[in-house]
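S.K.: Requesting a structural model of the entry that follows:
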Amino acid sequence: MASRTITLLAIAALASACAQLPTAGEPALSGSEAVIAERAAAAPVPPSTPPQPAAVATAAEAALLSKAADIPPADLWQRVRNGFRMNDLNNPLVREWEEWYSSRPDYVARMVERSSRYLYYIVEEVERRKMPAEIALLPMIESAYNPQAYSRSHASGIWQFIPSTGKHYGLRQNWWYDGRRDIIAATNAALDYLEKLYAQFGSWELALASYNWGEGAVSRAIAKNQAKGLPTDYESLNLPSETRAYVPKLQAVKNIIADPARFGLRLAEIPNEPYFATVATRVHIDVKLAARLAEMPLDEFKFLNPAHNRPVIKAEGVDTLVLPRHKVQTFLANLENHDKPLVSWQAYTVKAGEKPEKIADRYGISLARLKEINGINGRKKITTGLVLLVPVKGNSTPNLPDLPAPRVTLPKAIKAVHYAQRGAAARKVAQRQAARKKAVTSTRSPARRVTVTIRAPASGTKKVVVAQNQKDR
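M.R.: Predicted coordinates for the structure are as follows:
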């Protein structure tokens, strides 16, 4: 019994000593503080209070903390910060892009201002899919949240879809409408695509690299590293410069959003609430008229509805208008009371032999206005088969046929890059063929084509292509 009592006393003394040790986050006691602590320890200990009230108080505090945690932040930026989940990169490219953005405060301010209309919706969709909040910042590096952004490779909208990928993910593209610029449709398509890429690669960094470069290219880069016994993470792959900088650029934006003051920037607050609502479009309507019925500036209306290629919104049965929440009832009431035609423009296909002046006269507008409304300038001409917008005559039913999107072709510079990146296999084949050809040809250098201009007094100037030996250059 005595030994048991001694053991218990030893344990109690050890526990008391441990309780007085400073924690890792506490500073060590100074000499005077140690004396005070020693005197306090020697003082009589008051009777302990019953544990029940303390337990009740702790539970009440925990309930309050839990309730406070359930209250969403008032500022959308804080909500975004709370959702960051991707691993942080820390390399010179990140520093370089931090410097780039922080040295352009006006650019960042414009980007933030544009994002303020769309960001709440995108964050909602990202969270609903349980994706990291960094994905909501991706349009900042793709397009600076500019819905009209258009690249040389014909990527369009805030998510920068090229035509083929847009079609693959259900984004309709025709003469009247381009779903790649539709904020709602394009956001859903982009998140579908990113989810697919994440499922394929198991890494958000590789998913983002694939979004930029293509999943086929990233898969080949991974296979090359695997064949060499090298790591296959994002930072270990041999990537083109744009893709190599892609995730660091996003990391730089993330760092700025996380702590803008550290970079000498201030982000305008965005309320953590929906900015817009949608209204089903059951009738064709002019863009200008729709903005007027919503009692909002035309530019603001277009910013929320950037997918419409023409000044007419052609209803397709599933389309929606995007309006500020407080303008929805205004629009619906004014539309109900509007008793005039909703459409003032229609499509017209130029017939063989028709002159632009005659078409303009027939529809009561000047040739300059006809060209302006159809975006015809510079070298573009009005030719047979071209579809034009012309005014609707009187109360006649407007001609709004289903028309395909205009064909697009890659510029020569983009084609050169595209062909150059077709793969190492193709390059090796070309190199082998060149080596064989060199082996069987004579020592004489092959001829090259040279354009020579000959001026003839009678017939003007004509060009003749002759052959010239390379060593004669």
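S.K.: so what secondary structure elements neighbour the helix or strand containing Lys371?
M.R.: Here Lys371, judged by DSSP states H and E, is contained in helix 367-373. Based on contacts counted as 3 or more CB pairs under 8 Å, 6 or more residues apart in numbering; DSSP states H and E, the elements that helix 367-373 packs against are helix 356-362, strand 387-391. The way it works is simple: take the backbone N, C-alpha and C, and place the C-beta from them, glycine included.
S.K.: list the helices and strands the first one packs on?
M.R.: Which is helix 356-362. The elements that helix 356-362 packs onto, with contact taken as 3+ CB pairs under 8 Å, 6+ apart, are helix 367-373.
S.K.: Name the residues of the helix it packs on that are buried.
M.R.: By neighbour count, and taking 16 or more other CB atoms under 10 Å as the criterion, the buried residues in helix 367-373 are Leu367, Leu370, Lys371, Ile373.
S.K.: And the residues you listed, which is closest to Thr232?
M.R.: When these are ranked by distance to Thr232 (CB to CB), Ile373 comes first, at 53.1 Å.
S.K.: Ser366 versus that closest one, what's the distance?
M.R.: The gap separating Ile373 from Ser366 is 11 Å, by CB to CB, to the nearest Å.
S.K.: Equivalent analysis for Asn395, please.
M.R.: Taking CB to CB as the criterion, Asn395 is separated from Ser366 by 23 Å.
S.K.: Neighbour count for those two, which is higher?
M.R.: Neighbours were tallied for Asn395 and for Ser366 using other CB atoms under 10 Å; the higher tally belongs to Ser366 (11 against 7).
S.K.: Backbone dihedrals for the more buried one, both of them.
M.R.: Dihedral pair for Ser366: phi -80, psi 160, per degrees, to the nearest 10.
S.K.: do the same with Thr320
M.R.: When quoted as degrees, to the nearest 10, the phi and psi of Thr320 stand at phi -130, psi 150.
S.K.: Begin at 48, not 1, for the rest of this chat.
M.R.: Right, with 48 as the first residue, what we last looked at is Thr367.
S.K.: Count residues in the vicinity of the residue nearest to it when sequence neighbours are not counted, would you?
M.R.: On the basis of CB to CB, 6 or more residues apart in numbering, the spatially nearest residue to Thr367 that is not a chain neighbour turns out to be Thr325, at 4.0 Å. By the other CB under 10 Å criterion, the neighbourhood of Thr325 contains 14 residues.
S.K.: What strands line up against the helix or strand hosting Thr325, and which way round?
M.R.: Taking DSSP H and E as the definition, Thr325 sits inside strand 323-327. In the sheet containing strand 323-327, the strands it pairs with under DSSP bridges are strand 367-371 (antiparallel).
S.K.: Grab the nearest non-local neighbour of Arg291.
M.R.: Taking CB to CB, 6+ apart, and ignoring the residues beside it in sequence, Arg291 has Leu140 as its nearest neighbour in space, at 7.1 Å.
S.K.: Counting neighbours, what do you get for Ala246?
M.R.: 9.
S.K.: Apologies, that question was intended for Met178.
M.R.: With neighbours defined by other CB under 10 Å, the count for Met178 comes to 20.
S.K.: how about it, what does it touch?
M.R.: Leu238, Leu241, Glu242, Tyr245 (CB atoms under 8 Å, 6 or more residues apart in numbering).
S.K.: dump the residue contacts of the first one.
M.R.: Contacts here follow CB under 8 Å, 6+ apart; on that basis Leu238 touches Glu172, Val173, Arg176, Met178, Ile182.
S.K.: Distance from whatever helix or strand comes next after the strand holding Thr325 to the middle of the chain?
M.R.: Secondary structure here is assigned by DSSP H and E; on that basis, the next helix or strand after strand 323-327 toward the C-terminus is strand 332-333. Between the mean C-alpha point of strand 332-333 and the mean C-alpha point of its chain there is a distance of 29 Å (CA atoms, centre = their mean, to the nearest Å).
S.K.: ranges for the strands of this structure?
M.R.: Taking DSSP state E as the criterion, the chain contains strands spanning 323-327, 332-333, 359-360, 367-371, 392-396, 434-438, 494-503, 507-516.
S.K.: List the contacts of stretch 241-257.
M.R.: Residues beyond stretch 241-257 that count as contacts (CB under 8 Å, 6+ apart) turn out to be 133-134, 176, 178-179, 181-182, 185, 258, 262, 264-265, 269, 280-282, 284, 286, 290, 293-294, 297.
S.K.: Contacts only, for the residue positioned nearest the centre of the chain.
M.R.: Centroid-nearest residue in the chain, with CA atoms, centre = their mean: Pro186, separated by 2.2 Å. Contact partners of Pro186, counting by CB under 8 Å, 6+ apart, are Ser162, Tyr165, Ile169, Tyr192, Ile205, Trp206.
S.K.: Burial-wise, tell me which of the helices and strands packed on helix 414-420 comes out on top.
M.R.: Between those, strand 434-438 has the highest mean count of neighbours, a mean of 18, where neighbours are mean count of other CB atoms under 10 Å.
S.K.: before we move on, the earlier item: residues contacting the residue nearest to Thr367?
M.R.: Ile231, Thr367, Leu368, Val369, Leu370.
S.K.: mind redoing it with 10 Å?
M.R.: Tyr168, Ile231, Leu351, Asp366, Thr367, Leu368, Val369, Leu370, Val375 (CB atoms under 10 Å, 6 or more residues apart in numbering).
S.K.: my read: the fourth one touches Asn221, true?
M.R.: No: at 11.7 Å, Asp366 and Asn221 do not qualify as touching, with contact defined as CB atoms under 10 Å.
S.K.: out of the two, which sits in the more crowded spot?
M.R.: Under the neighbour definition other CB under 10 Å, Asp366 and Asn221 were set side by side, and Asp366 has more, 21 against 15.
S.K.: okay, the helix ranked longest in the chain in CSV with CA atoms only?
M.R.: Ranked by residue count under DSSP state H, the longest helix found in the chain is helix 152-175. Taking only C-alpha atoms (Å, rounded to 0.1, in the frame of the first residue of the first chain), the coordinates of helix 152-175 have been written out as CSV:
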residue,chain,number,x,y,z
PRO,A,152,-1.2,47.8,-60.6
ASP,A,153,-3.6,49.3,-63.3
TYR,A,154,-3.6,46.0,-65.2
VAL,A,155,-4.4,44.1,-62.0
ALA,A,156,-7.2,46.6,-61.1
ARG,A,157,-8.8,46.2,-64.5
MET,A,158,-8.6,42.4,-64.3
VAL,A,159,-10.2,42.4,-60.8
GLU,A,160,-12.9,44.8,-62.0
ARG,A,161,-13.8,42.5,-64.9
SER,A,162,-13.8,39.4,-62.7
SER,A,163,-16.2,41.0,-60.2
ARG,A,164,-19.2,40.2,-62.4
TYR,A,165,-18.3,36.5,-63.0
LEU,A,166,-16.2,35.4,-60.1
TYR,A,167,-19.0,34.5,-57.6
TYR,A,168,-20.7,32.1,-60.2
ILE,A,169,-17.3,30.5,-61.0
VAL,A,170,-16.4,30.0,-57.3
GLU,A,171,-19.8,28.4,-56.7
GLU,A,172,-19.3,26.0,-59.5
VAL,A,173,-15.7,25.2,-58.5
GLU,A,174,-16.8,24.5,-54.9
ARG,A,175,-19.8,22.4,-56.0
